[in-house]
Each structure stands twice: as structure tokens, then as C-alpha cells.
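Chemist: Curious how this folds, go ahead:
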Amino acid sequence: MTQTALSRTLTHLSPAANGLGQVFAHPRAVAVVCVVALTGLGWAYLALTMAQTDFLDALCRPSFGLAVGHFADAFVILPMWMAMTLAMMLPSAAPMIFTYAEIADTAARKGEHVISPFVLTAGYAAVWLGFALIATLMQLALMRLALLDASMRLASVLLSGAIFIGAGAYQFSSLKQACLRQCQSPFPFFFANWSTKTAGVFRLGLRQGLYCVGCCWASMLVMFAVGAMNALWMAGIGIAMTVEKMTSGMRFSRIVGTALIVAGGVLIVVSVAAHWPQA
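Modeler: Predicted coordinates for the structure are as follows:
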């Protein structure tokens with residue numbers, strides 16, 4: 001669809017909603033912009049790491065029991081996970097958001113009351129912000145158990161390999177496939193559950209967000225194995241999840257799963273070989 005045709009298509013939405021729909025009509029462009037932004041954030045984080053080595057050493061130093069410092073750590077880690085999850089997941093939500101915008105504009109042409117796509121996006125984002133909170137609590141627990149190194153990556157190669165294999169195996173599960181189908185084809189979902197109330201559309205966003213978490217949570221946990229702010233892996237995983245939702249069928253998902261399992265197997269072999277008694 002050309003930009004001119006798109007402008008005609010969504011003319012019945014408000015200017016702000018029209019702009020949102022037009023942006024997400026080009027998910028590949030959105031993904032590229034987000035990847036560039038992620039890379040910039042990654043380099044900025046590396047610069048901060050080098051400038052504040054003592055602070056990060058203290059942040060990643062293991063400690064046991066509750067302390068005031070742990071709450072301070074959460075205020076540092078939570079924004080990091082919130083920014084990371086939204087930057088990685090919003091590009092993959094582009095087809096879903098634009099599908100809603102198209103249906104809403106069609107309804108507006110008929111004189112029906114419609115709710116802005118921003119409400120849908122807010123519901124979707126709320127779910128991933130909840131995931132960010134859970135990831136933050138997991139990272140704090142790993143820090144207390146001395147399982148993270150100074151780069152916020154799992155210190156155990158064996159455990160990292162297990163996470164890769166678990167994430168790869170999940171790609172073949174029936175739950176993953178069911179959630180992925182909902183993400184790949186959101187039109188039937190919106191058609192069957194359409195709402196003209198703000199709360200109803202927000203719930204649609206929540207449900208789509210839950211489908212998305214069900215589809216991608218295992219891949220997101222790979223970030224613990226490679227480093228919570230590893231820009232290259234953030235970009236790679238984000239692209240993979242976006243492509244996965246923009247394609248049809250499960251072929252690409254299975255390819256990703258196989259690659260994760262192989263990578264995990266290599267890590268485990270390397271870990272075992274490193275600890276194997278020398279002859």
C-alpha cells in the first residue's frame with residue numbers, strides 16, 4: 001500500500017490516531033529505527049559502564065538478605081528492563097496495531113463510535129511493563145545468589161546453555177504455536193471481540209499483550225544468558241520476534257528454535273569440556 005493510499009484509508013480517525021496507524025503500517029521501518037536506537041542505547045550503556053565501574057561493581061556484587069540498597073538497585077534495573085522490553089516488543093506489535101487502526105477507520109466511515117489505537121497500545125504496553133517488573137525481580141534474585149557477573153550476564157555457562165535450550169524447545173510447544181497464531185493473524189480476534197468502549201479496547205490490548213508474552217517470554221529470558229543490556233542480542237532477538245509475527249506458519253519459529261537449541265548445546269559442551277579432568 002502506498003503512502004498516498006494509506007493517507008486516504010485512515011482519514012476518518014483523529015489526527016493523532018491516524019499518525020499512529022501510518023507509522024505502524026511500516027513495521028520493517030519501525031523495527032529498523034528501534035534497532036538503531038537500541039544500538040545507540042547499548043553503546044551509551046557501555047560508556048556509562050566504563051565511567052562508573054565502581055557503581056556497577058557494587059550493583060552486581062552478591063549480597064544476601066534484604067537491605068535498603070536492594071530497593072535502590074531496583075530503581076536502576078526496572079527502567080532498564082522497561083525500556084528494553086518496549087523497544088524490543090513494540091516493533092513486533094506493529095501489524096496488530098495497524099490492523100486495529102484499519103478496522104477502526106472502517107467503523108468510523110460508517111458513523112460508528114471508535115476508540116483510539118493509543119488505548120489498545122497502552123493495554124499492550126501495560127502487559128510488557130508487568131513482564132519488566134518480573135524480570136527485574138528475577139535479576140535482583142540472581143544478583144543476591146551471585147549468579148550474575150559484572151556484565152549482568154549469568155556467570156554459569158552451563159546455566160546459560162540450559163536457558164538457550166529451554167527457549168529453543170519452547171518454540172516447538174503447542175502453547176507457543178497457539179499464541180503465535182493469535183499474533184500473526186489479529187483480525188479474527190478483533191472482529192470477534194470488537195468494543196466501542198475505552199475499557200473494552202484497553203482489555204483487547206491486554207489480551208493481545210498476553211498472547212505476545214506467551215509467544216516471546218522464553219526468548220526474552222535469553223537476555224539473562226547473554227547480558228541484560230547486550231545491544232547486539234537485543235537487536236537480534238527483537239528482529240527475530242518481529243519477523244516471526246510478520247510471517248505465516250511456524251517454519252521460521254522452528255528455525256529459531258533449532259538455532260537456540262544448537263547454541264545451548266554448544267555452550268554446555270564448552271562448559272563441560274572446560275571442567276573435564278586433564279589426563
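
Chemist: going forward, measure contacts between C-alpha atoms and count neighbours the same way
Modeler: Noted.

Chemist: any idea how far Ala273 is from the residue most central in space within the chain?
Modeler: Nearest to the geometric centre of the chain sits Met89, at 3.7 Å (C-alpha atoms, centre = their mean). As for Met89, its distance to Ala273 is 36 Å (criterion: C-alpha to C-alpha, to the nearest Å).

Chemist: Mind checking the pLDDT average for stretch 251-265?
Modeler: Averaging pLDDT along stretch 251-265 gives 95.

Chemist: got the contact list for it?
Modeler: Applying C-alpha atoms under 8 Å, 6 or more residues apart in numbering, the contact partners of stretch 251-265 are 160-172, 240, 244.

Chemist: quick one on the thing from earlier: the residue nearest to the centre of the chain and Lys197, how far apart?
Modeler: 25 Å.

Chemist: Burial check on Val269, number of neighbours?
Modeler: 14 (other C-alpha atoms under 10 Å).

Chemist: Export the helix or strand where it lies to CSV, keeping only CA atoms.
Modeler: Val269 is part of helix 251-274 when elements are defined by DSSP states H and E. Extracted C-alpha coordinates of helix 251-274, given in CSV (Å, rounded to 0.1, in the frame of the first residue of the first chain):
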residue,chain,number,x,y,z
ARG,A,251,8.6,-22.6,9.8
PHE,A,252,10.6,-19.5,10.9
SER,A,253,9.7,-20.1,14.6
ARG,A,254,11.1,-23.7,14.3
ILE,A,255,14.2,-22.4,12.6
VAL,A,256,14.8,-20.0,15.5
GLY,A,257,14.1,-22.8,18.0
THR,A,258,16.6,-25.1,16.3
ALA,A,259,19.3,-22.4,16.3
LEU,A,260,18.7,-21.7,20.0
ILE,A,261,19.0,-25.4,20.9
VAL,A,262,22.2,-25.8,18.9
ALA,A,263,23.7,-22.7,20.6
GLY,A,264,22.7,-24.0,24.0
GLY,A,265,24.2,-27.4,23.2
VAL,A,266,27.5,-25.8,22.2
LEU,A,267,27.6,-23.8,25.4
ILE,A,268,27.0,-26.9,27.5
VAL,A,269,29.7,-28.8,25.7
VAL,A,270,32.2,-26.0,26.1
SER,A,271,31.3,-25.7,29.8
VAL,A,272,31.7,-29.5,30.4
ALA,A,273,35.0,-29.6,28.4
ALA,A,274,36.4,-26.7,30.4
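
Chemist: from the middle of its chain, how far away would that helix be?
Modeler: Offset of helix 251-274 from its chain centre (C-alpha atoms, centre = their mean, to the nearest Å): 21 Å.

Chemist: try stretch 145-153
Modeler: 21 Å.

Chemist: Buried residues of stretch 174-194, list them for me.
Modeler: 176-177, 179-187, 190, 194 (16 or more other C-alpha atoms under 10 Å).

Chemist: re earlier: which of the contacts of stretch 251-265 lies closest to Val114?
Modeler: Among these, Glu244 lies closest to Val114 (C-alpha to C-alpha), at 29.5 Å.

Chemist: The helix or strand the closest one falls within vs helix 251-274, what angle?
Modeler: Here Glu244 is covered by helix 231-246, with elements defined by DSSP H and E. Counting by axes from the mean of the first three to the mean of the last three C-alpha atoms, to 10 degrees, helix 231-246 points 150 degrees away from the direction of helix 251-274.
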